[in-house]
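Visitor: task: produce atomic coordinates for the following.
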Amino acid sequence: MIKSIKEKNSKSAIEIDLTGPNGNAFTLMGYASDLCKQLGMNKTPILNDMMSGDYEHLLSVMEKHFGHYIIMYR
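Guide: Got it, this is the predicted structure:
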């Protein structure tokens, strides 16, 4: 068995490279919207909070609400 290939695991965190296209604010808001739907959360207040500040604020809101489900890299 090749050890460099990871086993598929439904409990794995979503990895987001903030330096690539997935680090775009609109893409991050899409992740947040999808996660809200999957977790049964109301997305409106979270997305409004994300849009209420700068990019660093958006990242802190992502971490606050979804830190158990995502890993963000700079």
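Visitor: can you list the weak-confidence ranges in this protein?
Guide: For the chain, the stretches with pLDDT under 70 are 1-11.
Visitor: would you map the helices across it?
Guide: 25-39, 43-51, 55-66 (DSSP state H).
Visitor: got the contact list for the first one?
Guide: Residues from elsewhere that reach helix 25-39, judged by C-beta atoms under 8 Å, 6 or more residues apart in numbering: 14, 16, 21-22, 41-43, 46-47, 50-51, 55, 58-59, 61-62, 65-66, 69-70. Glycine gets a C-beta too; all of them are placed from N, C-alpha and C.
Visitor: please redo it, this time with the cut-off set to 7 Å
Guide: Residues outside helix 25-39 that contact it (C-beta atoms under 7 Å, 6 or more residues apart in numbering) are 14, 16, 21, 42-43, 46-47, 50, 55, 58, 62, 66, 69.
Visitor: mind listing what's buried in it?
Guide: Buried positions in helix 25-39, judged by neighbour count with 16 or more other C-beta atoms under 10 Å: 28, 29, 31, 32, 33, 35, 36.
Visitor: that helix vs helix 55-66, what angle?
Guide: On the basis of axes from the mean of the first three to the mean of the last three C-alpha atoms, to 10 degrees, helix 25-39 is oriented at 10 degrees to helix 55-66.
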